[in-house]
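**Q** Need a 3D model of the following:
(chains A, B and C)
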Amino acid sequence: VAWKGAPVISGDGWSFKPRGRLQFAGGHLSVPDAIDNEGRGWTTELRRARLGVEGKIRTNIGYKLEVDFADNEVEFADAYAYLSFGDAKVAIGNQNTGVSLEELTSSRYITFIERSALTDAFGLERRAGIRVDYAAGDVFLSGGVFANDLGSLIEDGDNQWSLAARAVYAPVLGKDTQLHIGASVQHTEFADEAQTVRYRQRPGIHSTDLRLVNTDRLEAASDTLYGAEAAVLSGPLHVAGEVMFANVDGLGAAPDAGFWGGYVEAGYFLSGGQRTYKDGTFGRPKVAESIATGGAGAWQIAARLDHIDLVDGSIDGGKQTAYQAALNWYADTYLRFFLNYNHLSIDGGPFAVAVDPVEGGYSADSVGVGMLVDF
Amino acid sequence: VAWKGAPVISGDGWSFKPRGRLQFAGGHLSVPDAIDNEGRGWTTELRRARLGVEGKIRTNIGYKLEVDFADNEVEFADAYAYLSFGDAKVAIGNQNTGVSLEELTSSRYITFIERSALTDAFGLERRAGIRVDYAAGDVFLSGGVFANDLGSLIEDGDNQWSLAARAVYAPVLGKDTQLHIGASVQHTEFADEAQTVRYRQRPGIHSTDLRLVNTDRLEAASDTLYGAEAAVLSGPLHVAGEVMFANVDGLGAAPDAGFWGGYVEAGYFLSGGQRTYKDGTFGRPKVAESIATGGAGAWQIAARLDHIDLVDGSIDGGKQTAYQAALNWYADTYLRFFLNYNHLSIDGGPFAVAVDPVEGGYSADSVGVGMLVDF
Amino acid sequence: VAWKGAPVISGDGWSFKPRGRLQFAGGHLSVPDAIDNEGRGWTTELRRARLGVEGKIRTNIGYKLEVDFADNEVEFADAYAYLSFGDAKVAIGNQNTGVSLEELTSSRYITFIERSALTDAFGLERRAGIRVDYAAGDVFLSGGVFANDLGSLIEDGDNQWSLAARAVYAPVLGKDTQLHIGASVQHTEFADEAQTVRYRQRPGIHSTDLRLVNTDRLEAASDTLYGAEAAVLSGPLHVAGEVMFANVDGLGAAPDAGFWGGYVEAGYFLSGGQRTYKDGTFGRPKVAESIATGGAGAWQIAARLDHIDLVDGSIDGGKQTAYQAALNWYADTYLRFFLNYNHLSIDGGPFAVAVDPVEGGYSADSVGVGMLVDF
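**A** You can find the predicted model right below:
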């Protein structure tokens, strides 16, 4: 029996570990008075509450099954079985499609409370499918074919499918500088019954359901996402950035459209901590001294410029630029507290005419706090 | 690996234990014929079905996460992380607000199948918040600030908040007599969007959804609960009682109101058992001999007088007085069978006019049975 | 700590084991063009996704609690406590009513992706109740009384109840030939509030919700099921068959009706595997060599003739005859892949007039694939 937040019970080729995650978050959103919505002001939520297990039934056969019960609903996180063959791994089940550094980095290990705007706006999520990963030296490749998310698959008529692929080159430079360069593409054919898609994003906090940028439902046959990503990790410092383009194939007479998003962030541990990197994503940050052993935990500061552009031709979903600051306190390797501030500059979108009929632009501010324990 | 119903796996400062609880209950309700409702007669339910975990990630950092799936729905029980500092403990997450001896005593350890009327009637429940507990010698103090329950928090507009505090003095008298005296207060400001509150209670069994006392929705800005509690535990005997007053601050022109409830109960183990007391609440009853080892288990009898008064001024929610008898068979420390009989005297309330237009009073009877296994 | 897919932690008289099951399935259904339904063509689903625990709290007291989260909903599988007394076992809680060899064989151990038509068509399912099992030598007896399934019990008005019983004689012939002969009966009185029943079945795959045979809601006071079952298991070969009759007692002027279903199947392991038999049902197939240790796993072929007749008098639910073939690959004892082909011959039923107004018959075809991992 080893211990990684929860016990890892193992024997001859097999292992078993319970998994769990509990994240509470709250936030305050200030928007112009013309936006009359109950998502203004303070909102609180149980952001994630997961229970699950992972294990190996043989050296090279394993599984992961985790369910999220936040919002008093059932939603699957990873739920797959896998087979390993040398440097390759085939996973079947509900899983990430495998694109975007920030989407693939666990929500336990990202720097801000919420991921950058592009991940939600462009619908990155877990879907049921088959994904093949290949890791050799500094190169990580993945590719897969996917049906829709499990909630959508409940409908007989949901025949959406996607192809996704990603390539990463991640050499270690000098003594301990980790470089990361990657590119990805994901193509989705929407279900015959639906053939619509909606791109939108929340204002830096998730407890509110108010979105200041939102294309609303577009009639579309398919979309294709192109992403590029780069990061540097060196001791207490990390810098990371991504850009993603979404090309939408309008249905019939509906127009084609192109949107994009991107971010660049930098984070620095003031004391006793550093991010880690593993298999093409960021891993669990190291914390030198837990408060449990009389230490001060690890303190990290970070800043991010995060932009999403959902405007093209006659489609005015709006543009949101977020100037974000974060203060993280890792009280322990497995217990973390968050404080985020976001200044948002909005141009266009669903509320622009109501707020500023002339210029169509306005600003908003949000503050987020959170606590995360996992095991 | 130790064992407390389920294995407790522990190592250097950490521990992990799965948790579960399965309780089936059924009951029969006899009410006057004028109350035409499908909650009459026999009803059966899966009362509680919980799966979860608890653990420590360090000596003084831990968590508890438990989900109830009864009624095929997701509802969180305890879901929090905590930090201990000497005699104090800070818990963040979904938890009891910390008032009422009976509410704080686990449903596994209470004497009757259902708690006394005041706990449900006055809306005692778990809410998301921060609670600080302090225990030193015979004194237990707790205080906290809370948002609403997790189900209500799903709505952006839910900005209800509460403050709650409790003080307990619990000396051991003589050789083994545990005394308990406590007082508590809880103030709740209802959400701006709702500003209503409803006080009501079931007729001694939970499998029916018929309530004979019910104020229905009152327009209210806030309420304040004042509670007093006392108990004595000595060998196989326990006596306990509580009283709680609810002061409702009517919204605008709506009237203020005052309601109250209280109970006094006595229980006695006929053979081989006794209740326990820990940290300001009752703990797991001891069972001397499990049927698994050829014993007879432990048999307990109990009686309770339970009153709830939901009448004030123009508000006629009714008064319910329950004369209750219980027979408990603890087949094992972790397996228990229940039999309850309740005679109810109702005065006023939603059905009074239909049943007895002149006096507005009537009586009802219910019988409850149940089984509880936990680990 | 032993290992059976997941660790079995045990001590003095107690034990604890996590349980889980993850099954993805997809299928393609070809039906005549006149059946315009989105259940045609490809459909995909998370068929089962279960998490749970089982354990003993004493040598002769135990429990099982397992929840299925497929379709993002909560549905209980086994959820009961039990007591053993010598050769007898009493289980209280949600469980199989105890009829039908195929229904009682775990979905992990059946040969085809889906059970034979009679099990679903006649409403065999888990219900809340008390069941007594008796096993002595070659004889297995069970009997129980049950309320409805847990989902239905949520309604106060649901007072459905059932009695069920089954007897099995299962001698070992010669060196290693297991014989199985059984009979069962189940009587259900429908809830006063409902008093309807519907018999129907999917077309060999479960990912579609389209049913080609369906009586739709019949007004009925009760039904009684009579089943007979037989099986032979000898090394890599098994042959099994069942027949079940449903006698429906029509409500008031509604007609009585009689329906029936039956199947006969044969399966053969081409290499390194065989089914097992335990306590009146089939158990986990043995796999000689996992692919994890360089083996080829175990390959099994099977064929089944499966018939369901939902036609009687004026009730035309249709008749479905399925000619089924299966190819199973057990990559490991705990990881299995399925391929099924079903040719369906339909006579009558809800779509018969639309497809073939003259003869009322037509054929359909379905292909199913699946993956199952359990622990």
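**Q** can we go C-alpha only for contacts and neighbour counts from here?
**A** Fine.
**Q** Quick one: name the residues of the stretch 1-150 of chain A near chain B.
**A** Contact residues (CA under 8 Å from any CA of the partner chain) of the stretch 1-150 of chain A with chain B: A:5-7, A:22, A:24, A:38-39, A:42-46, A:51, A:69, A:71-74.
**Q** Inside helices: which ones of those residues?
**A** In helices, defined here by DSSP state H, there are no members of the residues of the stretch 1-150 of chain A next to chain B.
**Q** which residues touch the residue nearest the centre of chain A?
**A** Against the mean C-alpha coordinate of chain A, by CA atoms, centre = their mean, the closest residue is A:Glu103 at 3.3 Å. Listed by CA atoms under 8 Å, 6 or more residues apart in numbering or on different chains, the contact partners of A:Glu103 are A:115, A:119, A:124-125.
**Q** Switch those residues over to a markdown table, and while doing so, append neighbour count, secondary structure and pLDDT to every line.
**A** Listed next are these as a markdown table, based on neighbours: other CA atoms under 10 Å in any protein chain shown; DSSP: H, G, I helix; E, B strand; the rest coil; pLDDT from 0 to 100:
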| residue | neighbour count | secondary structure | pLDDT |
| --- | --- | --- | --- |
| A:Arg115 | 19 | coil | 98 |
| A:Thr119 | 21 | helix | 98 |
| A:Leu124 | 18 | coil | 98 |
| A:Glu125 | 18 | coil | 97 |
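**Q** Please, where are all the strands along the stretch 151-300 of chain A?
**A** A:161-169, A:172-173, A:177-189, A:196-197, A:200-201, A:213-214, A:218-234, A:237-250, A:257-271, A:273-278, A:281-287, A:298-312 (DSSP state E, counting those that start in this stretch).
**Q** Specify the stretch among those strands that is closest to chain C.
**A** strand A:161-169 (10.9 Å; CA to the nearest CA).
**Q** any residue of the closest one up close to chain C?
**A** No: contact of strand A:161-169 with chain C (CA under 8 Å from any CA) is absent, the minimum separation being 10.9 Å.
**Q** now A:Phe375: how far from chain C?
**A** Separation of A:Phe375 from chain C (CA to the nearest CA, to the nearest Å): 17 Å.
**Q** in stretch A:322-334, what's buried?
**A** Neighbour-count burial for stretch A:322-334 flags A:322-334 (criterion: 16 or more other CA atoms under 10 Å in any protein chain shown).
**Q** restrict the residues you listed to contacts with chain B.
**A** A:Tyr334.
**Q** now, among the buried residues of stretch A:322-334, which is nearest to B:Tyr134?
**A** Distances from B:Tyr134 to the buried residues of stretch A:322-334, taken as CA to CA, are shortest for A:Ala331 (21.3 Å).
**Q** From the contact counts, what lies against the host helix or strand of that closest one?
**A** Assigned by DSSP states H and E, A:Ala331 falls within strand A:315-332. If you count contacts as 3 or more CA pairs under 8 Å, 6 or more residues apart in numbering or on different chains; DSSP states H and E, strand A:315-332 packs onto strand A:213-214, strand A:298-312, strand A:335-347.
**Q** in its sheet, what does that strand sit against?
**A** Paired neighbours of strand A:315-332 in the sheet (DSSP bridges): strand A:298-312 (antiparallel), strand A:335-347 (antiparallel).
**Q** Relative to B:Ala194, how far out is whichever residue of the stretch 101-250 of chain A sits closest to chain B?
**A** Relative to chain B, the nearest point of the stretch 101-250 of chain A is A:Thr208 (5.8 Å; CA to the nearest CA). A:Thr208 sits 18 Å away from B:Ala194, going by CA to CA, to the nearest Å.
**Q** Look at those two and report which has more neighbours.
**A** A:Thr208 (26 against 14; other CA atoms under 10 Å in any protein chain shown).
**Q** gap between the nearest residue to that one once chain neighbours are set aside and A:Arg126?
**A** Nearest residue to A:Thr208, sequence neighbours excluded (CA to CA, 6 or more residues apart in numbering or on different chains): A:Gly39, at 5.0 Å. Noted for A:Gly39: a distance of 26 Å to A:Arg126, by CA to CA.
**Q** on that earlier part again, got the phi/psi numbers for the residue nearest to A:Thr208?
**A** In terms of degrees, to the nearest 10, the main-chain angles of A:Gly39 are phi -80, psi 0.
**Q** How many neighbouring residues does it have?
**A** By the criterion of other CA under 10 Å, A:Gly39 has 21 neighbours.
**Q** Surely it touches B:Gly157?
**A** Yes: in this structure, A:Gly39 is within contact of B:Gly157 by CA atoms under 8 Å, at 6.5 Å.
**Q** For A:Ala117, give me its contacts.
**A** Going by CA under 8 Å, 6+ apart, A:Ala117 touches A:201-202, A:204, A:261-262, A:306-308.
**Q** now that we have those residues, which one has the most neighbours?
**A** A:Gly204 (29 neighbours).
**Q** What sits closest to the residue of the stretch 51-200 of chain A at minimum distance from chain B if chain neighbours are left out?
**A** At 4.9 Å from chain B, A:Asn72 is the closest residue in the stretch 51-200 of chain A, using CA to the nearest CA. Computed as CA to CA, 6+ apart, the closest residue to A:Asn72 that is not its neighbour in sequence is B:Val74, at 4.9 Å.
**Q** Could I get the pLDDT score of that neighbour?
**A** pLDDT recorded at B:Val74 is 97.
**Q** How about the contacts made by it?
**A** With CA under 8 Å, 6+ apart, B:Val74 has these contacts: A:69, A:72-74, B:67-68, C:74.
**Q** ok, 7 Å please
**A** Shown in contact with B:Val74 (CA atoms under 7 Å, 6 or more residues apart in numbering or on different chains): A:69, A:72-73, B:67-68.
**Q** most surrounded residue in the residues you listed?
**A** B:Val67 (24 neighbours).
**Q** Surely it touches B:Ala77?
**A** Yes: with contact defined as CA atoms under 7 Å, B:Val67 counts as touching B:Ala77 (5.6 Å).
**Q** before we move on, back to that, okay if I get the buried residues of stretch A:322-334 as TSV plus pLDDT?
**A** TSV is the format used below for those (pLDDT from 0 to 100):
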residue	pLDDT
A:Ala322	98
A:Tyr323	98
A:Gln324	98
A:Ala325	98
A:Ala326	98
A:Leu327	98
A:Asn328	98
A:Trp329	98
A:Tyr330	98
A:Ala331	97
A:Asp332	96
A:Thr333	97
A:Tyr334	97
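**Q** quick check, nearest of the buried residues of stretch A:322-334 to C:Val353?
**A** Lowest distance from C:Val353 to these (CA to CA) belongs to A:Ala322, with 61.2 Å.
**Q** Just give the nearest non-adjacent residue to that closest one, would you?
**A** A:Leu344 (4.5 Å).
**Q** Look up phi and psi at the residue of the stretch 1-150 of chain A found nearest chain C.
**A** Nearest residue of the stretch 1-150 of chain A to chain C (CA to the nearest CA) works out as A:Val74 at 4.9 Å. A:Val74 has phi and psi values of phi -100, psi 120 when expressed as degrees, to the nearest 10.
**Q** Show the contacting residues for the nearest residue to A:Thr276 once chain neighbours are set aside.
**A** In space, and not counting its chain neighbours, A:Thr276 is closest to A:Gly283: 5.0 Å by CA to CA, 6+ apart. A:Gly283 makes contact with A:105, A:109, A:275-277, according to CA under 7 Å, 6+ apart.
**Q** do the same with A:Lys64
**A** Neighbouring residues of A:Lys64 by CA under 7 Å, 6+ apart: A:53-55, A:78-81.
**Q** And it, which helix or strand is it part of?
**A** Here A:Lys64 is assigned to strand A:61-68, by DSSP H and E.
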